[in-house]
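Asker: coords please:
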Amino acid sequence: MAKKSSQFTCQECGYVSPKWSGRCPNCGAWGSFVEETVSKKGKERRGWVRSSQKKPLPITRIEWEEEERLKTGIGELDRVFGGGLVKDSVSLISGEPGIGKSTLLLQVCSVFSKRDKVLYITAEESPKQVAMRAERLGVNGDNLYILSENNLEEVEKALRELSPLFAVFDSIQTLYLPYLESAAGSVSQVRECAAFITNLSKDKGITSFIVGHVTKEGSIAGPKVLEHIVDAVYQLEGDRGYNFRILKSLKNRFGNTGELAVFEMTEKGLKEVPNPSAFFLSERPLGKPGSVVFAGIEGSRPVLLEVQALVTRAVFTTPQRRAKGISQNRLSIIVALLEKELGIPLRNFDVFVNVVGGVKIDEPAVDLPVAAAIASSYYGRPVAEDLVLFGELGLTGEVRSVKLEELREKEAQKNGLRVLKGIKRLDEILEKALI
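Answerer: Now for the predicted structure:
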């Protein structure tokens, strides 16, 4: 009989320890260690893809043909996918509960079911619940099959029997392999289930989508190897206070990363928004201090966003610095720069900055519009309505160039706005921008 032993695995980062600890020494998470049983001689790991190639070949002798991609018929979605889904690929989509992951994938299933068989594996809902949602979305068709099962070995039998064109696994945290003794959702189960699905999909020629949960910080739950195994990773984001959702490409072996698509949540599901710039600026207040239009880049696409700032006299001894949509550290640097270079005494004022619409910006080009919005709110002078700002700020007050400036300028012109050119000092730009 095979000997068994126990180990403790961190459910946040996958760190393995021979004994339990209150805090993970690798990622610092508290109470994340879970005991798992390890068999010294158990079943062979079946998840990892094994190549049938026996010897290395020169790259010039490897034969391949570019296959036609699977189009969803949703233009914005196909663009984020890199022109459509590559056959036999495995993708991961994550997002907060109720954000619309299952709704979006059910709409994709509806499109593909008109061409061939599609299997939707639900490990969280009953077939009746999926059918109710499908009826609300107007999704139907005899080629769309629903399987309520969380045992991957049983799912494998159904996949080999049905041989679908497209399959959805909802979700990876609720699936399990019976020969692993850990619970569903544990690091080892998530890792092995993802590898098992990848191996099966490429073996049977099935294009697959895996639904993943997120942690309270918004990152994908499970070990990092989950993101390495799959071919593409997408994140569906959105603020519950708004009726739109943003799909971002975090990893794509067959296209650009960082691509963005905007969808509007309706009763009939997610509806694509072909012009996100006009959508985000549709409710922009004109002639109000603290509002600035920012030309950002998401992947290869320029998008116009509104950056707002509110500067008010501090109530408490320590002034507040709050940011939504940009880094808190970036806001602190910009505030210090405005105090040093422009002499604005913000040490006695609370500063609040928000990127309208719940969009998160992590590129340095947002420095200039944030600084302009703060200065506009402080002085009570609005920024010119037809002006678009972007640029990275140096610590000495200079404005530095950023990538794809021509694309940003064209997007501004398309929406009837202009860009300041040739000015490289923050004080000079604010002098031109503030009315």
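
Asker: Lys410 - nearest residue in space that isn't next to it in sequence?
Answerer: Spatial nearest neighbour of Lys410, excluding adjacent residues (CB to CB, 6 or more residues apart in numbering): Pro302 at 7.2 Å. For glycine as for every other residue, the C-beta is placed from the backbone atoms N, C-alpha and C.

Asker: what's in contact with the helix or strand encompassing Phe169?
Answerer: Here Phe169, judged by DSSP states H and E, is contained in strand 166-170. Strand 166-170 is touched from outside by 70, 101-102, 105-106, 108-109, 112, 116, 118-125, 155, 159, 175, 197, 201, 206-211, with contacts defined as CB atoms under 8 Å, 6 or more residues apart in numbering.

Asker: that older thread, what's around the residue nearest to Lys410, how many residues?
Answerer: The tally of other residues near Pro302 (other CB atoms under 10 Å) stands at 22.

Asker: And it, how far from Arg400?
Answerer: Shown here: Pro302 relative to Arg400, a distance of 18 Å by CB to CB, to the nearest Å.

Asker: Tell me which stretches of the stretch 301-435 of the chain form strands.
Answerer: 301-313, 321-324, 349-355, 387-389, 392-393, 399-400, 418-419 (DSSP state E, counting those that start in this stretch).

Asker: Buried deepest among those strands, which one?
Answerer: For the strands of the stretch 301-435 of the chain, ranked by mean neighbour count under the definition mean count of other CB atoms under 10 Å, the leader is strand 387-389 at a mean of 24.

Asker: Pull up the pairing partners for that strand, direction included.
Answerer: Strand 387-389 sits in its sheet next to strand 291-298 (parallel), strand 418-419 (parallel), going by DSSP bridges.

Asker: Can I get those strands in a markdown table including distance to Trp64 and mean pLDDT?
Answerer: Formatted as a markdown table, the strands paired with strand 387-389 follow (distance: least, CB to CB, whole Å; pLDDT from 0 to 100):
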| stretch | distance to Trp64 | mean pLDDT |
| --- | --- | --- |
| strand 291-298 | 31 | 92 |
| strand 418-419 | 43 | 92 |
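
Asker: Format those strands as JSON lines; extra columns: distance to Leu137.
Answerer: Written out in JSON lines, the entries for the strands paired with strand 387-389 read as follows (distance: least, CB to CB, whole Å):
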{"stretch": "strand 291-298", "distance to Leu137": "27"}
{"stretch": "strand 418-419", "distance to Leu137": "41"}
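
Asker: of all those strands, which lies closest to Ala433?
Answerer: If you check each of the strands paired with strand 387-389 against Ala433 by CB to CB, strand 291-298 wins as the nearest, at 8.1 Å.

Asker: quick one, longest helix in this structure?
Answerer: Looking only at the chain and at elements set by DSSP state H, the helix with the highest residue count is helix 187-204.

Asker: Show me what the helix or strand just after that one packs onto, helices and strands only.
Answerer: Beyond helix 187-204 in the direction of the C-terminus, DSSP H and E gives the next helix or strand as strand 207-212. Using 3 or more CB pairs under 8 Å, 6 or more residues apart in numbering; DSSP states H and E as the contact criterion, the neighbours of strand 207-212 among helices and strands are strand 90-95, helix 101-112, strand 166-170, helix 187-204.

Asker: coming back round to it: for the residue nearest to Lys410, give the beta-bridge partners.
Answerer: Here Pro302, judged by DSSP bridges, has bridge partners Ile297.

Asker: picking up where we left off before, so for the longest helix of the chain, mean pLDDT?
Answerer: Throughout helix 187-204, pLDDT has a mean value of 89.

Asker: Weed out the non-buried ones from the contacts of strand 166-170.
Answerer: Among the contacts of strand 166-170, those scoring as buried are 70, 101-102, 105-106, 108-109, 112, 118-123, 125, 155, 159, 175, 197, 201, 206-211 (criterion: 16 or more other CB atoms under 10 Å).
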